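A.B. asks: Give me the fold of what follows.
(2 chains)
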Amino acid sequence: MKLIRELLFPTLAILAAFVVGAIVIAAIGDDPIETYRLLIGSAISWPDGIGYTLFYATPLIFTGLAVAVGFRCGLLNIGAEGQLTIAAFATAWAGISFAHSPAWILIPLTCLAAILSGAAWASVPGVLKARFGSHEVINTIMMNFIAVGVASALTQTYFKEPGDAILETGPIGSSAHIPRLGQIIPGIPARLPLNVGFLLAIVACALLYVFLWRTKWGYEIRATGANPSAAEYGGISVKKQIVLAMAVSGGLAGMVAINEVLGYRYRYYQGFSPQYGFTGIAVALLGRNHPVGVLLAALFFGALTRGGLFVDIFTEKVSKDLVLILQALVILFVAAEALFRRRIGRTQIQG
Amino acid sequence: MEDILKLSILYATVRMATPLLLAALGGLFSERSGVINIALEGLMLAGAFTSAVVTYYAGNPWIGLLAGIGAGIFISIIHAVACIQFDSDQVVTGTAINILMFGIPTLLSGALFGTTGSTPQIPRADLLPNAPVVIAFLLVPFVWYVLYRTPFGLRLRAVGENPEAADTAGVSVSRLRYSGVLLSGALAAIGGAYLSIGQSSLFTRNMTAGRGFIALAALIFGKWRPVQTMLACLLFGFAEAVAIQMQGVIPHVRVEYIQIIPYVLTMIVLAGFIGVSRAPRALGRPYVKE
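C.D. replies: Predicted coordinates for the structure are as follows:
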């Protein structure tokens, strides 16, 4: 029964978003059914559709988990975007500076750079909240802009290759490249960019579940989120939990860099993230802040991203920006859960 | 030469501060009523895009500006209904609106003009004069007066500080919060319109480039008060003006470091290092009638 309820509201939110989306599509002069057929059909074809859907879902799993950990502690981390930006830069930095190290040193080193830099960046608003009570939402927004500024200034000054017109670093050492799934699993074409980062994302889901529900730290984080004053009374240091939750959140957001820098682009470039951090908020909300839910929601948004590219090409008027609108609508409907709850409550009383 | 440079920096500061000030004053109405408005960015985009499109078709910037204001109000109604009617999380809803307004202009400009997010150029003669600059700065004493010297202002502040008490005194919390949020939509939209049909001559993809968030920062930096908020906008506008003029002047100082100053300052202020910046007490808290 609980499971059904947990699935019901997200499903209703998705349906409502698609209905409003259909009105938008019809209003600008395309056929909604044909557009949705393209959107979904191109996302679930084997192997390219599914391969790309999983690839696009990977960063969203990480950012979705990042936002979910925050929520569990009562924090809204809308700074995942900044955390993953700094992490991608730090990963490229490590990958370039130690380019000649062997893979068994360089890969763990760059992964650590990704996780620790993301965690450190997110700890700042955590500490500011714990120490001075300043709101993490404002501070994480501010740090998103600071992250972009710092990463592009450092890239420009130290890591840009002369004559390169794009604001990007040089390539990382080739021993830092992590393999594509096509190279290690037979049956998956090697042309797909889907890489080990995806497997890591699944592992992160499992680990986060264990962390939140099977360890003392996770329990204390959830207790803080559920009722901070009760937690404090029960002997939990709320301040410590806030910093810990933000650090874990930032570390997860930073892992986006493993997929993007070590598994796909092999460098940092400005604007590499199409707002993964903000989509992560949608993923966490739709996934009800549970690792399994986050995984499913990320797959859903990954599929939309993949399908959006086809909508862009094969429809008359609708562009891939439709996906952004669907995403925003899903967030609005999930956030306004009372909208559905009231309706359902009413029918139950009447029935 | 030096005088010209100083004068041009002053002029540029005022120009850069104008859209920030309009959006920040809008945000002030919303936040003083108790509704967090991180959707300022999206509301500015709504104003910027709509006014550019309507001005292009109508050939008159004033009609464009009015349409932009209408769009800003329309989008802010979504925020208001979600936050006030359905008790949605205000930050989450604001984020959704920002994503929505990032997508809608690009989708529509693709459908209308076959572009990837920009509108066609508007002839110079059809552009808005510097009126928004005057409006923005005249609004400051006006907002101050409304907020501190009228019954509306008193009630608005009351529902932002202590909605329970205001409700007991017979003030409609939701009606005042609606007014606050809708005013923020109108003012932020004027700020956006000034960007597209005032400072520029077309709408481009993501043209606000974070100005809605800087406006929010200015509002916090200005401690949710009109005059201080104006000073914060001028300071942040100055940082932007200097960053533009400095481009390449001093080779070893990257402009990015100047551009991030407003954000760093806001964090410092919020932490209480430069006086205490206290938010309206009921900010972010939906009001549920007992």
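
A.B. asks: Give me the longest helix you can find in chain B.
C.D. replies: helix B:2-32 (DSSP state H).

A.B. asks: by contact count, what packs against that helix?
C.D. replies: Secondary-structure packing of helix B:2-32 (3 or more C-beta pairs under 8 Å, 6 or more residues apart in numbering or on different chains; DSSP states H and E): helix B:40-58, helix B:131-149, helix B:151-161, helix B:173-193, helix B:211-221, helix B:226-246. (Glycine included, C-beta is placed from N, CA and C.)

A.B. asks: Of all the residues in the stretch 51-200 of chain B, which one is nearest chain A?
C.D. replies: B:Gly103 (3.1 Å; C-beta to the nearest C-beta).

A.B. asks: How about that residue, nearest residue that isn't a chain neighbour?
C.D. replies: A:Leu324 (3.1 Å; C-beta to C-beta, 6 or more residues apart in numbering or on different chains).

A.B. asks: number of nearby residues for A:Tyr209?
C.D. replies: 16 (other C-beta atoms under 10 Å in any protein chain shown).

A.B. asks: same thing with A:Pro47?
C.D. replies: 14.

A.B. asks: cool, A:Cys73 as well?
C.D. replies: Using other C-beta under 10 Å: A:Cys73 sits among 28 other residues.

A.B. asks: got any ranges where chain B has weak pLDDT?
C.D. replies: B:1-6, B:248-252, B:274-277, B:290 (pLDDT under 70).

A.B. asks: helix, strand or coil for A:Gly188?
C.D. replies: Slight slip there: residue A:188 is Ile, not Gly. Classification of A:Ile188 using DSSP: H, G, I helix; E, B strand; the rest coil returns coil.

A.B. asks: Before we move on, what's the pLDDT of it?
C.D. replies: Note for A:Ile188: predicted pLDDT of 90.

A.B. asks: hmm, back to that, show me what contacts the residue of the stretch 51-200 of chain B closest to chain A?
C.D. replies: When contacts are counted by C-beta atoms under 8 Å, 6 or more residues apart in numbering or on different chains, B:Gly103 touches A:Asp321, A:Leu322, A:Val323, A:Leu324, A:Ile325, A:Gln327, A:Ala328.

A.B. asks: Ok, A:Ile44 next?
C.D. replies: A:Ile50, A:Thr53, A:Ala303.

A.B. asks: Among those residues, which ones are in helices?
C.D. replies: A:Ile50, A:Thr53, A:Ala303.

A.B. asks: between those, which is nearest chain B?
C.D. replies: Nearest to chain B among the ones in helices among the contacts of A:Ile44, with distances taken as C-beta to the nearest C-beta, is A:Ala303, at 17.3 Å.

A.B. asks: For that closest one, which non-adjacent residue is closest in space?
C.D. replies: A:Ala43 (3.7 Å).

A.B. asks: For that neighbour, give its distance to chain B.
C.D. replies: A:Ala43 sits 18 Å away from chain B, taking C-beta to the nearest C-beta, to the nearest Å as the criterion.

A.B. asks: what does A:Leu200 give?
C.D. replies: Applying C-beta to the nearest C-beta to A:Leu200 and chain B gives a distance of 27 Å.

A.B. asks: number of nearby residues for that residue?
C.D. replies: 21.

A.B. asks: do the same with A:Leu3
C.D. replies: Neighbour tally, A:Leu3, other C-beta under 10 Å: 7.

A.B. asks: helices or strands up against the helix or strand containing it?
C.D. replies: Assigned by DSSP states H and E, A:Leu3 falls within helix A:2-27. Applying 3+ C-beta pairs under 8 Å, 6+ apart, one finds that helix A:2-27 contacts helix A:32-41, helix A:276-286, helix A:291-314, helix A:321-335, helix A:337-350.

A.B. asks: that older thread, identify whichever of the helices and strands packed on helix B:2-32 lies nearest to A:Leu75.
C.D. replies: helix B:211-221 (18.2 Å; C-beta to C-beta).

A.B. asks: Any part of that closest one near chain A?
C.D. replies: Yes: Helix B:211-221 reaches chain A (C-beta under 8 Å from any C-beta of the partner chain) through B:Phe213, B:Leu216, B:Ala217, B:Ile220.

A.B. asks: buried subset of these?
C.D. replies: Taking 16 or more other C-beta atoms under 10 Å in any protein chain shown as the criterion, what is buried in the residues of helix B:211-221 next to chain A is B:Phe213, B:Leu216, B:Ala217, B:Ile220.

A.B. asks: which residues touch the last one?
C.D. replies: The one in question is B:Ile220. Contacts of B:Ile220 by C-beta under 8 Å, 6+ apart are A:Ile138, B:Thr266, B:Val269, B:Leu270, B:Ser277, B:Ala279.

A.B. asks: what do you get for A:Ile172?
C.D. replies: Applying C-beta under 8 Å, 6+ apart, the residues contacting A:Ile172 are A:Thr91, A:Ala92, A:Gly95, A:Ile96, A:Ala99, A:Thr110, A:Val261, A:Leu262, A:Tyr266, A:Arg267.

A.B. asks: what's the neighbour count on the closest residue to B:Leu43 other than its chain neighbours?
C.D. replies: Distances taken as C-beta to C-beta, 6+ apart place B:Ala188 nearest to B:Leu43, at 3.8 Å, with adjacent residues excluded. A total of 39 residues lie near B:Ala188 under the criterion other C-beta under 10 Å.

A.B. asks: quick one: B:Ala188 and B:Gly47 touch, right?
C.D. replies: Yes: counting by C-beta atoms under 8 Å, B:Ala188 does reach B:Gly47; the two are 6.5 Å apart.

A.B. asks: Overlap of the contact sets of the two?
C.D. replies: The contact sets of B:Ala188 and B:Gly47 overlap at B:Gly72 (C-beta under 8 Å, 6+ apart).

A.B. asks: List the contacts of the closest residue to chain B within the stretch 201-350 of chain A.
C.D. replies: Proximity of the stretch 201-350 of chain A to chain B (C-beta to the nearest C-beta) peaks at A:Leu324, 3.1 Å away. Residues in contact with A:Leu324 (C-beta under 8 Å, 6+ apart) are B:Ile99, B:Leu100, B:Phe102, B:Gly103, B:Thr106, B:Leu107.

A.B. asks: wait, what's in contact with B:Val53?
C.D. replies: Applying C-beta under 8 Å, 6+ apart to B:Val53 gives the contacts B:Gly64, B:Ala67, B:Leu108, B:Ser109, B:Leu112, B:Thr119, B:Phe203.

A.B. asks: hmm, back to that, what secondary structure does the residue of the stretch 51-200 of chain B closest to chain A sit in?
C.D. replies: Strictly by three-state DSSP, B:Gly103 counts as helix.

A.B. asks: Run a quick neighbour tally on residue 195.
C.D. replies: All of this refers to chain A. 25.

A.B. asks: that's the wrong chain, I wanted chain B
C.D. replies: 25.

A.B. asks: I'd say B:Tyr178 and B:Ile84 touch.
C.D. replies: Yes: at 6.3 Å, B:Tyr178 counts as touching B:Ile84 under the criterion of C-beta under 8 Å.

A.B. asks: which parts of the stretch 151-300 of chain A sit against chain B?
C.D. replies: A:Ser152, A:Ala153, A:Gln156, A:Thr157, A:Gln275, A:Phe278, A:Ile281, A:Ala282, A:Leu285.

A.B. asks: need the contact list for the closest residue to A:Ala57 other than its chain neighbours.
C.D. replies: In this structure, A:Ala57 finds its nearest non-sequential neighbour in A:Gly302, 2.9 Å apart by C-beta to C-beta, 6+ apart. When contacts are counted by C-beta under 8 Å, 6+ apart, A:Gly302 is found next to A:Ala43, A:Thr53, A:Leu54, A:Phe55, A:Tyr56, A:Ala57, A:Thr58, A:Leu60.

A.B. asks: now swap in B:Val143 and tell me
C.D. replies: B:Leu25, B:Leu28, B:Phe29, B:Pro226.

A.B. asks: Quick check: chain neighbours aside, which residue is closest to the second one?
C.D. replies: So the one you mean is B:Leu28. B:Leu219 (5.8 Å).
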